[in-house]
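S.K.: Dropping a prediction and its sequence here:
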Amino acid sequence: MRSVKELYYRLKSNERIVFLGTMWASLIRALGMGITYISLILLARWMGAEQFGIYAYVFALISTLAIVPLFGLSYSCIPLIAEYEVEKKFAELRGLLLFGTGFVVAASALISFVVAMLIMTDKIGLGEYRNAILIGCIALPAFSLLSYLGEVSRGLGRAIAAFAPLQVLVPLVFLLLAFISFYLFNNLDSVRAIWLWFFAMVALIIPQVFYLSKIVVKRFPESSRNYNIRHWLRVSTQFFLISIAVVLLFQMDVLILGIFSEPEIVGYYSAAARTALLVTIILQAINALGARQYATLYKMNKIDELQQLLHSLSRWLVWATAGVTIFLLLGGYYLLTFFGNNFTQAYPALVILTLAYAATVILGPVTVLLNVTGNQKVTAKVLTTAVVIGIALNSILIPVYGMVGAAVAAGIMHIFWALSLHRHVRKILEVETCLFFMKASSPHKGEI
């Protein structure tokens, strides 16, 4: 078997960039997911199933609400940054980053205020979730801003800055604060947990802003700024629909389950869903750095190099996904016991979700490819259709089959959008993303 070093030197320049970036992104994501997963286990044990379910539900709700102030800017900034770098439009690039940051902060603060007022005036009945969601409104601007800064870092090709703050450092600081709180008060409820989550995010915002400011000043020394706001918002509007759909694809089952079931059931299912997401870690890491390379190669009309890059990446995806999938299918039941004995009720849901996520991962980076090559309208149409299907299936299956119904609905929904987007990638971009559909006669086969 070739060593990693030998493999690296046999890769083309674009593949090397993504290879190194993917290695870093994979390590960071693995560390972040590990810390997050451990924190979820500890939270479930410290809080109990009911309070953990409330916390999981509020986290899903805030993640969904955060899409509104981001308004697609977190998606559009990646191809726009790539475009401005290639064309050396540094004034537009600096203007884009400054405008995006201000827009996200202002919009998220406004949305938090409106939602909080609706709750406090009892315009919305939320039952046992009420107090926790109110605190979640306070955390919303911090979560939105960190999410945007992470995507800007992706656009600039900074793997550590893209993932470390929100996926590693925030979970780590949050876990430490939760441990201290539990140790001092011998208990931890959902409201206090969300407060601690907010404090952890605030602690990371300032250094993240200063770091990115330093990078931009050094890399793009031109001090002037041009604001093409109408163009940015027009492009972002298309991505806005996509971002809403993407978040709903992964949060809809939890949100609808919370309507029909008790918080304990939401807690059980959330543990299974977060466990199943481990199968997507490699694709997420590849997309993190690959997105910028996809956009650049397509912009320069280097389709052959793009196909070669995708062929190389597909091999990593298949083998890594197969390993993680087998591990989760064989050991998932025992992983759920770490959350608590009753959490094993969600094992059937874990199996269904794991298989569905594995199928979508093997089909490759179809969503990102379409988005960064200017075909976001196609993505928006497919994902919107998938969301409609998901809402219908969840509403029908959850009242009858509970957690298993939620998992089946989510699985069908994910496989639908992945297959649909894969077909569009082949038709529009004329590249193949799935190893199993690549012909044996491919000119790139066997190059690494």
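M.R.: Thanks, I have it.

S.K.: Can you show me the helices along the stretch 301-448 of the chain?
M.R.: Under the criterion DSSP state H, counting those that start in this stretch, the stretch 301-448 of the chain contains helices at 303-337, 347-362, 366-372, 376-424.

S.K.: So which of those is nearest residue 150?
M.R.: Checking the helices of the stretch 301-448 of the chain against residue 150 by Cβ to Cβ gives helix 366-372 as the closest, at 14.9 Å. All C-beta spots, glycine's among them, are computed from the backbone N, C-alpha and C.

S.K.: any idea of the mean pLDDT in that closest one?
M.R.: The pLDDT scores in helix 366-372 average 87.

S.K.: Can you pull out the residues in contact with it?
M.R.: For helix 366-372, contacts defined as Cβ atoms under 8 Å, 6 or more residues apart in numbering pick out 75, 78-79, 82, 239, 242, 246, 287, 290-292, 294-295, 298, 376, 378-379, 383, 418, 421-422, 424-425, 428-429, 431, 433.

S.K.: low-confidence ranges in the protein?
M.R.: 1-26, 125, 159, 222, 288-289, 292, 439-448 (pLDDT under 70).

S.K.: out of the contacts of helix 366-372, which are buried?
M.R.: 75, 78-79, 82, 239, 242, 246, 287, 290-292, 294-295, 298, 376, 378-379, 383, 418, 421-422, 424-425, 429, 431, 433 (16 or more other Cβ atoms under 10 Å).

S.K.: okay, the angle between the longest helix along the chain and helix 303-337?
M.R.: Criterion DSSP state H: the longest helix present in the chain is helix 13-65. Angle of helix 13-65 versus helix 303-337, following axes from the mean of the first three to the mean of the last three Cα atoms, to 10 degrees, is 50 degrees.

S.K.: list the helices and strands the helix or strand following helix 13-65 packs on?
M.R.: Where DSSP states H and E defines the elements, the next helix or strand beyond helix 13-65 is helix 67-70. Here helix 67-70 touches helix 90-120, helix 130-155, helix 229-260, going by 3 or more Cβ pairs under 8 Å, 6 or more residues apart in numbering; DSSP states H and E.

S.K.: following the second one, which helix or strand comes up?
M.R.: Beyond helix 130-155 on the C-terminal side, the first helix or strand identified by DSSP H and E is helix 159-163.

S.K.: For that following helix, name the packing helices and strands.
M.R.: Helices and strands touching helix 159-163, by 3+ Cβ pairs under 8 Å, 6+ apart, are helix 13-65, helix 130-155, helix 190-219, helix 281-299.

S.K.: could you dump it to CSV, C-alpha only?
M.R.: Taking C-alpha atoms only, helix 159-163 is exported to CSV below (Å, rounded to 0.1, in the frame of the first residue of the first chain):
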residue,chain,number,x,y,z
ALA,A,159,-9.4,25.1,6.7
ILE,A,160,-8.6,25.7,10.4
ALA,A,161,-10.3,29.0,10.5
ALA,A,162,-13.3,27.6,8.7
PHE,A,163,-14.0,24.7,11.1
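
S.K.: ok, now how distant is the residue nearest to residue 226 when sequence neighbours are not counted from residue 400?
M.R.: Leaving aside its sequence neighbours, residue 226 sits nearest to residue 91 (Cβ to Cβ, 6 or more residues apart in numbering; 4.3 Å). For residue 91, the distance to residue 400 (Cβ to Cβ, to the nearest Å) stands at 58 Å.

S.K.: Between the two, which is the more surrounded one?
M.R.: More crowded of residue 91 and residue 400, by other Cβ atoms under 10 Å: residue 91, with 17 against 9.

S.K.: if I read this right, the more buried one contacts residue 221, doesn't it?
M.R.: No: look at residue 91 against residue 221 with Cβ atoms under 8 Å: they stay out of range, at 11.3 Å.

S.K.: how close does the residue nearest to residue 347 when sequence neighbours are not counted get to residue 104?
M.R.: Leaving out its chain neighbours, the residue that sits closest to residue 347 by Cβ to Cβ, 6+ apart is residue 333, at 4.8 Å. The spacing between residue 333 and residue 104, counted by Cβ to Cβ, is 41 Å.

S.K.: Could you verify my assumption that residue 339 touches residue 40?
M.R.: Yes: assessed by Cβ under 8 Å, residue 339 is found in contact with residue 40 at 7.3 Å.

S.K.: tell me, what's touching those two both at once?
M.R.: residue 271.

S.K.: neighbour count winner among these two?
M.R.: A direct count of neighbours by other Cβ under 10 Å for residue 339 and residue 40 places residue 339 higher, at 26 against 23.

S.K.: residues contacting that one?
M.R.: 40-41, 44-45, 271.

S.K.: Could you check how far it is from residue 43?
M.R.: 9 Å.
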